[in-house]
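Novice: give me a 3D structure for the following:
(2 chains)
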Amino acid sequence: MAYYKFNRNDVYHNTLKTYPSTKFVIYNGSAFYNNAPNVAGEFADPIRLTDAGHVSLYELNVDRVSASTNRWIGPRSVSEDQEVIDNGLIYSFVVKNGSRIDFRTSTEASFNNSSYGDIITSSYPYVSSIAKEFYETSTARSGSSYVSHLLALKNTINHYRYISPEFQYSSSLRNLNSVEVGLVNIPTIFYGSQIKKGTINLRYYFTGTLIGQARDENQNGVLYSTYGADSGSVVGIALYNEGFLILTGTTALSPAGTDAYTSSLTPYVGFGDSPRWTYFGQSISGTITAPSSSFIMEMSGTSYNNTLTLFATAPKGQLNQSNNPTFTKYSTANFAQTGSKAYFENDQRLIKNVVSSAYADPTGSFEKTTYISKIGIFDDDRNLIGIAKVAMPVKKTAARDFTFKIKLDIC
Amino acid sequence: MATSFKTFDPGKDSVVTRNLLHEAIPVTGTIISGTYGSPSPSTNVKNYSHGMFQSVYDYPYLSSSANHIFDITMGFSATSHLSASAPAGQAPTQRAKKINIYNEMAQVLAGFDENSAVRRFDEDGDLTGGTKIDEAYFINFTRLLAKDEIKKGSFSLTLGVSDGPAHSSYSASFTQTLTITDKSGSTGYKVNSPAGEYGILFATGSATGRRNAVDATGTQTVDRGYAKVGLIYYQAGIAVISSSVFGSLLSSSVSMSYTDATSGWTAHDSSSVNGTYFSSSISGNCDDLRHRIQNISFNNTTELNSTVYFCRADNTDFNYSSNPTYLSSSKMVVKNNSQDVPISYVTSVGMYSADNELLAVAKLSEPLKKDPTTEFTVRVRLDY
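Specialist: Predicted structure coming up:
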């Protein structure tokens, strides 16, 4: 096998910057991601065991339901806590040992209470989705052992105050500790490295009619109302890198209608309130359904895909020999002989002539011919670290040279 | 940007660890036999034009939600009696492909002998002779399920081995069952395969019925014991099941036909396993096996390799900060008078290369108060 070294101009690193679009439709307690519906399976409904507004990290347990099978996976044990139960679902587990590895979802107390050798389980699917938190003017932002997500963002919000005065947690414009705030949390799996500036588009529908639209049209993270009763005013801010929308617009968008945006239970107030931007996405906040309201949130993420491009050249006059057994004529066998002091091979072996002609046999005039079917990529120590295969073998003669472009996506 | 650095002592301040994460993988026979699509073809079972194996998914494979579970195929060796002669009245089907598949699997999993000939699968794994597995089913689990390896001692496959009039329906195939396990896998696995470690698969019969394992002399015993019926390659994620589970292992061979009145699936093969191995296509044999699998389960293993760095902040270290907010009018803002000890709050730990290039940052869940009266060892774990 011949080795060639990649030259400086044979290797390129590129970064492909993409902007995948993301769309959420929020209605009646559910969010729908990129127009995907809930699909019922043969056994499970929905089949992914999570609704259409969630991404499932591994998408395991498709169309499976948990059920008692009275079976165990692996050997049974004298202790029930050390048996892997077959409940019909795929789930992960670790065995408690000295490394003290545990799942984040289990508590430290339960871990400490378990014995060494016990099975500690987690469950699939691992899901992620957008979330909405609503802060009334009277909602405490912190307590003796509690800090709200909004207050936790204080430093982050203030960090961007060089962009706009709107990015101040507390200023003469408003104090987020004492005004009504809607906080929309967008996990990073939906947008990648950051939300693309200028692509946020929020639409607020009431009984199916568009009553408000907000965009970050200045591409600086400040959300302006572009349609509806509050058009032209600032209704919130967006944290592009962190994936948060902080909505502060409290002007009634449709004074004629009201919806159940907050729970009727005390201490909540506002049951049957007029729609406003702080209520955007409210129907995924807790048990709120807000049946007359629906919301669409669109944006583009930013994703960086690194690619490695390699140019592998097969020069003229080279790579015309193969170690494939079929490269030689079958009739001229190896005739290898070994002795106490020597090893002999037949030095008269003939290369099979595969040059085609108009006749079945004999073939055309002999010409060194090989077929390149794959290219091996080796590291400095000649460890094979990758193989590139061509769709169909490429005929290589002494007079031909080829350059193969090999692209490796690095995720 | 840090202004003071402490150098790791490789022998004292870092340690490499390995932890094992497992997953329980149950696969019920209803998925394997083709829950989706009635009558056949099942939409979660993909057949290819080359006809050399089937792919089984957990959901119709045209759906983006479908996960590939395993590939299934079969073959026999060139030394098998099926390679030499035809049973009376039967014509061979795909014989060359069946031999090629066996050879391909054998050379990858069993390797070559001293004469460069492909080793046949050895029933007890000692490669010194004894009984060979010349006719076998191959179940190749996907990396999605097998991960780094199948956990030794956890594999279980239950096959329906009923026969006779009761076999007129799919569910009746499971009146009598064989359960195949790698019961000695955790301690008795073999290491003489080029594909990694492997264990012996043993079969044991159901509590009642005529389909019982037999002893070494071929005598059906009351104490049914265990019979060797295949091999499980843990790292490769491949199970090799001898066709004897439907034939010579039993007191009489199973008819491989199946008829499911509910689904409309009609009889496919109606002869013994030897007959179907010889005269049915590979996909037909795979269909036969799939409709006799009641349950497959195993645990997989993922190795989590980590390096733990012990970042030690002695009492005199890191009590000062270069943060702009640390000083106000050239005075430390956390000190009320000049005699107070300096105080800082540690929020993150930077890991630097030998050239002082920042490689990684470890964040603390909450700032740690540091002053000359305290010392910390921050344990930073890097998983890869």
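Novice: in chain B, which spans are helices?
Specialist: B:10-13, B:29-33, B:81-84, B:95-109, B:143-146, B:185-188, B:273-279, B:282-290 (DSSP state H).
Novice: residue B:177 is nearest to which of those?
Specialist: helix B:29-33 (10.5 Å; Cβ to Cβ). All C-beta atoms are positioned from the backbone trio N, CA, C, and that covers glycine.
Novice: please enumerate residues in contact with that closest one?
Specialist: B:42, B:44, B:56, B:58, B:69, B:158, B:170, B:174, B:290-291, B:293-296 (Cβ atoms under 8 Å, 6 or more residues apart in numbering or on different chains).
Novice: run the last query once more with 10 Å
Specialist: Under the criterion Cβ atoms under 10 Å, 6 or more residues apart in numbering or on different chains, residues A:42-43, A:62-64, B:35-36, B:42, B:44-45, B:56-59, B:69-70, B:72, B:139, B:158-160, B:170-171, B:173-174, B:258, B:260, B:263, B:265, B:287, B:289-296 lie in contact with helix B:29-33.
Novice: do you know how far residue B:94 is from chain A?
Specialist: From residue B:94 across to chain A, the span is 23 Å (Cβ to the nearest Cβ, to the nearest Å).
Novice: just give me the neighbour total for that residue.
Specialist: For residue B:94, the neighbour count with other Cβ atoms under 10 Å in any protein chain shown is 20.
Novice: excluding chain neighbours, what is closest to the residue of chain B found nearest chain A?
Specialist: Relative to chain A, the nearest point of chain B is residue B:154 (3.5 Å; Cβ to the nearest Cβ). Once flanking residues are discounted, residue B:154 sits nearest to residue A:74: 3.5 Å by Cβ to Cβ, 6 or more residues apart in numbering or on different chains.
Novice: quick one, what contacts that neighbour?
Specialist: A:82-84, A:86, A:119, B:22, B:24, B:151-156, B:181-182, B:185-186, B:297-299.
Novice: can you select the buried ones from those residues in PyMOL?
Specialist: Selecting only the buried entries of those in PyMOL, with 16 or more other Cβ atoms under 10 Å in any protein chain shown as the criterion:
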select buried, (chain A and resi 82+83+84+86+119) or (chain B and resi 22+24+151+152+153+154+155+156+181+182+185+297+298+299)
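Novice: the spatially closest residue to residue A:213 that is not a sequence neighbour: neighbouring residues, count only.
Specialist: Sequence neighbours aside, residue A:227 is the residue nearest to residue A:213 in space, at 3.8 Å (criterion: Cβ to Cβ, 6+ apart). The local packing of residue A:227 (other Cβ under 10 Å) involves 16 other residues.
Novice: what helix or strand is residue A:227 on?
Specialist: strand A:222-228 (DSSP states H and E).
Novice: helices or strands up against that strand?
Specialist: With contacts taken as 3 or more Cβ pairs under 10 Å, 6 or more residues apart in numbering or on different chains; DSSP states H and E, strand A:222-228 sits against strand A:201-206, strand A:209-215, strand A:234-239, strand A:244-247.
Novice: for residue B:374, which non-adjacent residue is spatially closest?
Specialist: Nearest one to residue B:374, counting by Cβ to Cβ, 6+ apart, is residue B:315 at 6.6 Å.
Novice: contacts only, for the one you found.
Specialist: B:370, B:371, B:372, B:373, B:374, B:375, B:376.
Novice: neighbours around the second one, how many?
Specialist: Residue B:371 has 14 neighbouring residues, counting by other Cβ under 10 Å.
Novice: need the helices of chain B in a markdown table (columns: mean pLDDT).
Specialist: Converted to a markdown table, the helices of chain B look like this (pLDDT from 0 to 100):
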| stretch | mean pLDDT |
| --- | --- |
| helix B:10-13 | 88 |
| helix B:29-33 | 80 |
| helix B:81-84 | 82 |
| helix B:95-109 | 94 |
| helix B:143-146 | 95 |
| helix B:185-188 | 81 |
| helix B:273-279 | 81 |
| helix B:282-290 | 89 |
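Novice: out of those, nearest to residue B:349?
Specialist: Nearest of the helices of chain B (Cβ to Cβ): helix B:10-13, 12.3 Å.
Novice: so what touches that closest one?
Specialist: Contacts for helix B:10-13 (Cβ under 10 Å, 6+ apart): B:6, B:7, B:308, B:309, B:310, B:311, B:312, B:377.
Novice: and residue A:207, how close does it get to chain B?
Specialist: Counting by Cβ to the nearest Cβ, the gap from residue A:207 to chain B is 34 Å.
Novice: need the contact list for the closest residue in space to residue B:98 that isn't next to it in sequence.
Specialist: Nearest residue to residue B:98, sequence neighbours excluded (Cβ to Cβ, 6+ apart): residue B:75, at 4.4 Å. Counting by Cβ under 10 Å, 6+ apart, residue B:75 touches B:52-53, B:82, B:94-95, B:97-106, B:134-138, B:277, B:282, B:285.
Novice: and the closest residue in space to residue A:19 that isn't next to it in sequence, which helix or strand is it part of?
Specialist: Distance criterion Cβ to Cβ, 6+ apart; nearest residue to residue A:19, sequence neighbours excluded, is residue A:300 at 4.2 Å. Here residue A:300 sits within strand A:293-314, counting by DSSP H and E.
Novice: low-confidence ranges in the chain?
Specialist: Since you didn't name a chain, this refers to chain A. Filtered on pLDDT under 70, chain A yields the residue ranges A:264-271, A:331-335, A:360-363.
Novice: not quite, I wanted chain B
Specialist: B:1-3, B:34, B:37-41, B:85-90, B:164-171, B:205-225, B:251-252, B:257-271.
Novice: ok, now how distant is the residue nearest to residue B:154 from residue B:8?
Specialist: Look at residue A:74 and residue B:8: by Cβ to Cβ, to the nearest Å, they are 40 Å apart.
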